[in-house]
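J.: A predicted structure for the sequence below; I have some questions about it.
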Amino acid sequence: NFDLVYSTNHLFHLPAALVSTVFRLAHVSFVGYSPSIRPEASITDPLVIIERINFRFFMGDVALCRTPAVSALLSKLSSSDVHQVDGIVDSTAIRTVVESETERESSPARNGDVELVFVGRLVEVKNPTSVIDLVTSLPSKYSLTIVGDGPCQSRVEAAMQDAGVSDRVQLAGQLSHEETLRVIYGSDLLLLPSKTESYGAVVFE
């Protein structure tokens, strides 16, 4: 009793197209990543070939994308009704949070004049100990708040002790979304030391 098939990446567009055809269902495709927009993209690249095949034959009745370049490519290659969806961040909601009169429960360390903030799970891929190394190399007017917890927390704490910067680094732990937004808003620099990111939502916010 489904009314709609929604495919979200290149591996699912073909089976979604088949299901929608067999069961006569509406099909919406979402293109969130495109190898075609890389500067070094080549038509001989297997990922580009798969994408072009998808665009030509397996897009849904409606195709959603993020960028003008992909929108133009979809319009050229597919028969879908193409819509560019420009963003995922609710800027009004964020402004409401940071402009509210509610006192911030957690604020960055105030020992210095320049406040840095790191937001994320304390896991290996987020590279959290590197921010401690950064603070060590900066003048004493720089302080850091770390928002988040995880399996690397003990390593972060040890790095703080070894570097002698515990008085300039605050481990805020896991905070609510609203509290985290206020901490980011109250800081001067947001650090993103991750080895890789699938989608930098913290940076967007």
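T.: Yes, it's here. Computed from a prediction, not measured in an experiment: that's the story for all the values here.

J.: Mind telling me what element residue 71 is part of?
T.: Assigned by DSSP states H and E, residue 71 belongs to helix 68-77.

J.: what helices or strands is the helix or strand just after that helix leaning on?
T.: Sequence-wise, the next helix or strand downstream of helix 68-77 (DSSP H and E) is strand 81-84. Counting contacts by 3 or more Cβ pairs under 8 Å, 6 or more residues apart in numbering; DSSP states H and E, strand 81-84 packs against strand 62-65, helix 68-77. Every residue, glycine included, has its C-beta placed from N, CA and C.

J.: Sketch out the helices for this structure, chain order is fine.
T.: For the chain, applying DSSP state H gives helices covering 13-22, 46-53, 68-77, 91-99, 129-137, 153-163, 177-186, 201-204.

J.: Dump those helices to CSV, plus distance to residue 147 and mean pLDDT.
T.: Compiled in CSV, the helices of the chain are given as follows (distance: least, Cβ to Cβ, whole Å; pLDDT from 0 to 100):
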stretch, distance to residue 147, mean pLDDT
helix 13-22, 37, 97
helix 46-53, 35, 93
helix 68-77, 33, 94
helix 91-99, 14, 87
helix 129-137, 11, 95
helix 153-163, 12, 96
helix 177-186, 5, 92
helix 201-204, 9, 82
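
J.: closest to residue 30 out of these?
T.: Using Cβ to Cβ as the criterion, the shortest distance between residue 30 and those is 9.4 Å, found for helix 13-22.

J.: Can you name every helix or strand that the closest one contacts?
T.: Contact here means 3+ Cβ pairs under 8 Å, 6+ apart; on that basis helix 13-22 packs against strand 4-7, strand 26-31.

J.: most tightly surrounded among those?
T.: The densest packing among the helices and strands packed on helix 13-22, expressed as mean neighbour count by mean count of other Cβ atoms under 10 Å, is seen in strand 26-31 with a mean of 21.

J.: Alpha carbons of it, as CSV, please.
T.: Included here for strand 26-31 are C-alpha records, laid out as CSV according to Å, rounded to 0.1, in the frame of the first residue of the first chain:
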residue,chain,number,x,y,z
ALA,A,26,5.3,7.8,-8.3
HIS,A,27,9.1,7.9,-8.1
VAL,A,28,11.2,10.8,-6.6
SER,A,29,15.0,10.8,-7.0
PHE,A,30,17.5,12.7,-4.9
VAL,A,31,21.0,13.5,-6.1
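
J.: so how far is that strand from its chain's centroid?
T.: Taking the mean of its C-alpha atoms, strand 26-31 sits 22 Å from the chain's own mean (Cα atoms, centre = their mean, to the nearest Å).
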